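In: coords please:
(2 chains)
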Amino acid sequence: MSLHLYNTLSRSSEEFVSLTPGKAGIYLCGATVQGAPHIGHIRSGVNFDILRRWLTHLGYEVTFIRNVTDIDDKILQKAEVEGIPWWAVAMKYEQAFSWAYSRVNVLSPTYEPRATGHITQMIELMQTLIDNGTAYAPGNGDVYLNVRSLKSYLTLSNQKIDDLLSAGDAEDSFKKDPRDFALWKSAKPGEPSWPTPWGDGRPGWHLECSAMAHTYLGAEFDIHGGGLDLIFPHHENEIAQSESAGWGFSKIWMHNAWVTASGEKMSKSLGNSLLVSEIVQRVRGIELRWYLGSAHYRSMVEFSFEALEETAVNFRRIEGFLARATEILNEEPGLLVSLDFTAAMNDDLAVPTALAGISELVRDGNTALSSLTFGDEAGQKEIARIAAEVRGALAILGCDPFDPTFAMDKPAATDAMDGLVKLALAQRESARARKDFATADAIRDQILELGILIEDTPAGSRWTLAR
RNA sequence: GGUGGAGUGGCCGAGAGGCGAGGCUCAGGACUGCAAAUCCUGCCACACGGGUUCAAAUCCCGUCUCCACCUCCA
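Out: This next block holds a predicted model:
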């Protein structure tokens, strides 16, 4: 089966046919840099990173744009609170996001545009919309989109305009209709602003994504992604602006579900302990990624530390197999992508199904490892094949243990430490040889207290860090 | 009020008419000097009430519970 993806627009799974053969353009709504990233933000990054890696594996040349919205009401508020300029707030949290993305091995986008770098494009878009009558400037410096003038609206969220609850503050505004939304907001005293033909001001929330997607991906592109909660109003308004400008815009809309805590969506108050910076104190980045990536992207992930730990244990089993296979083979496994994995991924990125296949492969691999006899070339080949299929799958999911990105998670695995542990192991070995098990076990216990696990194998003892 | 989603074994979590996804935990076994790691066996679940069908977790009708979006949101 070829790649099929669920399109929010049609509420069904559709075959992916790119606009330009061999190429794929993706626009992902990135962060509004107003605070530190929690694991929900990062989940979105991981989900779409997996999509990107899969498309790349399938042979597409992927242009992946993930924006940074670096001007907005909350950033200005935060600047007040923190007593630093708004642009310093934006930079601070943009860097926090970059750090978090890198900890979970999310690839850098092809380009990462900032809203404030695209004011010119936004003004051009507004001019187009005003010229063709879909937008209006009431004279106070604001620019609004007239939603009643649209041929279609709310096609993504499948709502009727009159069913929407009306905005609370609509009465005293310059809007023609309460549902009209701001493309541009006039500057209040002390706020940053940019000059436009309609007055000094700053972008409304939605305009930047239309302008930037158009700049880097063109009038029409393949996939637009983001969190479920962006469907309305953000993505509806992007569609409204872009289609009114005559752009085809995105063919497929993909939305990731969120991470919940105690059954509820993470809000700021709940999210404090779930900052990426906190979680990676508990588990390694690769384990956090495994956790966030292992649920289907359209399913809610109910966060708990227990589930996180459990998933980490599951990952270590897979990792342990690859480590043992590497020792036996005397080289890093290759990278193969199996037919089962391909079938699962092609079915709207069915990672959980793919994971079941990986678990079965690992079991077969462990069995092959334990039944391997000296000089068994067929057995070695089998182990090499299985290890390569496991590693190949992990690599697509961004969790390849051999990926240098994760090297920082193994700080203690230096040659010096290896030498010291082996020294102790040699002493234990000689104690075992003379059947002095009390001494042998004492050595093992002492090493364990330092956080090092000992496994005795027919080929001798091996050690790993316990974590 | 409108729109969308969810309810699966001790726990997590897939599947969407027909042979027990998978993981974690736990119990037993194999291996081991003892462990660890690994493998094997066991734990036959689908919110509730009806219906359709040879066959329903899956389809239909109804009910209950929970969550989300409706101009701050990943």
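In: tell me which helix or strand of chain A sits lowest on mean pLDDT?
Out: helix A:268-271 (a mean of 52; mean pLDDT, DSSP states H and E).
In: What residues does A:Glu61 make contact with?
Out: A:Glu61 is in contact with A:Gly22, A:Lys23, A:Ala24, counting by CB atoms under 8 Å, 6 or more residues apart in numbering. Bear in mind the C-beta positions are built from the backbone N, C-alpha and C, glycine included.
In: doesn't A:Leu55 make contact with the last one?
Out: Yes. Under the criterion of CB atoms under 8 Å, A:Ala24 is in contact with A:Leu55, at a separation of 5.0 Å.
In: Residue in the stretch 151-300 of chain A with the shortest distance to RNA strand B?
Out: A:Gly227 (1.4 Å; CB to the nearest atom of the strand).
In: Show me what that residue bridges to in the sheet.
Out: A:Asn256 (DSSP bridges).
In: burial count for it?
Out: A count of nearby residues for A:Gly227, using other CB atoms under 10 Å, gives 20.
In: picking up where we left off before, so what's in contact with A:Ala24 and A:Leu55 at the same time?
Out: By CB under 8 Å, 6+ apart, the residues touching both A:Ala24 and A:Leu55 are A:Val62.
In: So which bits of the stretch 251-400 of chain A are right by RNA strand B?
Out: A:256, A:258-260, A:263-267, A:295-296, A:299-302, A:304, A:306-307, A:310-311, A:313-314, A:317, A:320-321, A:324, A:350, A:352-353, A:355-356, A:359-360, A:362-363, A:366-367, A:369-370 (CB under 7 Å from any atom of the strand).
In: mind redoing it with 6 Å?
Out: A:256, A:258-259, A:263-266, A:295-296, A:299, A:301-302, A:307, A:310, A:313-314, A:317, A:320, A:350, A:352-353, A:355-356, A:359-360, A:362-363, A:366-367, A:370 (CB under 6 Å from any atom of the strand).
In: wait, what's in contact with the nearest residue to A:Thr128 once chain neighbours are set aside?
Out: In space, and not counting its chain neighbours, A:Thr128 is closest to A:Ala245: 4.9 Å by CB to CB, 6 or more residues apart in numbering. A:Ala245 makes contact with A:Leu125, A:Thr128, A:Leu129, A:Ser210, A:His214 under the criterion CB under 8 Å, 6+ apart.
In: From A:Leu207, how far out is A:Ala245?
Out: 11 Å (CB to CB, to the nearest Å).
In: that older thread, which among the residues of the stretch 251-400 of chain A next to RNA strand B count as buried?
Out: A:256, A:258-259, A:265-266, A:295-296, A:301, A:314, A:320, A:350, A:355, A:362, A:366 (16 or more other CB atoms under 10 Å).
In: now chain A, which segments are flagged as low pLDDT?
Out: Applying pLDDT under 70 to chain A flags the ranges A:166-172, A:267-273, A:408-413, A:467.
In: Quick check: residues of the stretch 1-150 of chain A near RNA strand B?
Out: A:Arg11, A:Cys29, A:Ala31, A:Thr32, A:Gly40, A:His41, A:Arg43, A:Ser44, A:Lys74.
In: Spatially, which two of the buried ones among the residues of the stretch 251-400 of chain A next to RNA strand B are the most separated?
Out: Largest separation among these by CB to CB: A:Lys265 and A:Asn366, giving 39.2 Å.
In: quick one, helices of the stretch 251-400 of chain A?
Out: A:268-271, A:276-282, A:285-294, A:305-329, A:339-346, A:351-370, A:377-396 (DSSP state H, counting those that start in this stretch).
In: so of those, which one's packed in deepest?
Out: Comparing those by mean neighbour count (mean count of other CB atoms under 10 Å), helix A:285-294 comes out on top with a mean of 24.
In: That helix - contacts with which helices or strands?
Out: Here helix A:285-294 touches helix A:39-57, helix A:276-282, helix A:305-329, helix A:351-370, going by 3 or more CB pairs under 8 Å, 6 or more residues apart in numbering; DSSP states H and E.
In: and if we set it to 10 Å?
Out: On a contact count with 3 or more CB pairs under 10 Å, 6 or more residues apart in numbering; DSSP states H and E, helix A:285-294 meets helix A:39-57, helix A:86-103, helix A:276-282, strand A:301-303, helix A:305-329, helix A:351-370.
In: hmm, back to that, please type out the PyMOL selection for whichever of the contacts of A:Glu61 turn out to be buried.
Out: The following PyMOL line selects those of the contacts of A:Glu61 that are buried, judged by 16+ other CB under 10 Å:
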select buried, chain A and resi 24
